[in-house]
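Chemist: just the structure for this:
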Amino acid sequence: MSDRDATLVGQTNQEDDMVGTLEAEVALGAADRCDRCGAQAVARATLASGSHLLFCGHHLRAHEAGLRAASARISRPAQDREALREHE
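Modeler: Model prediction:
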C-alpha cells in the first residue's frame, strides 16, 4: 500500500466516524419508526457497537433500564431541543 493509499484509508475512516457522530445529532422525523412496534420514534439508543435502535415512548420506558445497563446512549432529540430553548 502506498502512502497515498494509506492517507485515503485514514480519511475514509475519519469520515465514517464523523458520519456516526453527525447521525446521533440528527433530529427524528415522522418517517422514523420504533424498531419494536412501528409507532413514531421519539428516542434513539446508540449501542456501544455504534449501531442504533429507535423507540416510541412506550417501548423506551419498557427497555430504558436495560439499555442503560448495556451502556447505551439514549437521546431524545425533541426534548433536547426544548431544553435548549428554555436555557436561552
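Chemist: wait, doesn't Leu54 sit right on Gln40?
Modeler: No - the pair formed by Leu54 and Gln40 falls short of the contact definition of C-beta atoms under 8 Å, at 9.3 Å. Where you see a C-beta, it was placed from the backbone N, CA and C, and this is true even at glycine.
Chemist: comparing these two, which shows the higher neighbour count?
Modeler: Set side by side, Leu54 and Gln40 give different neighbour counts by other C-beta atoms under 10 Å, the larger being at Leu54 (19 against 14).
Chemist: show the contacting residues for the nearest residue to Phe55 once chain neighbours are set aside.
Modeler: Of all residues beyond its chain neighbours, the one nearest Phe55 is Ala43 (5.0 Å), with distances taken as C-beta to C-beta, 6 or more residues apart in numbering. Contact criterion C-beta atoms under 8 Å, 6 or more residues apart in numbering gives Leu28, Leu54, Phe55, Gly57, Leu60, Ile74, Ser75, Arg76 as the residues in contact with Ala43.
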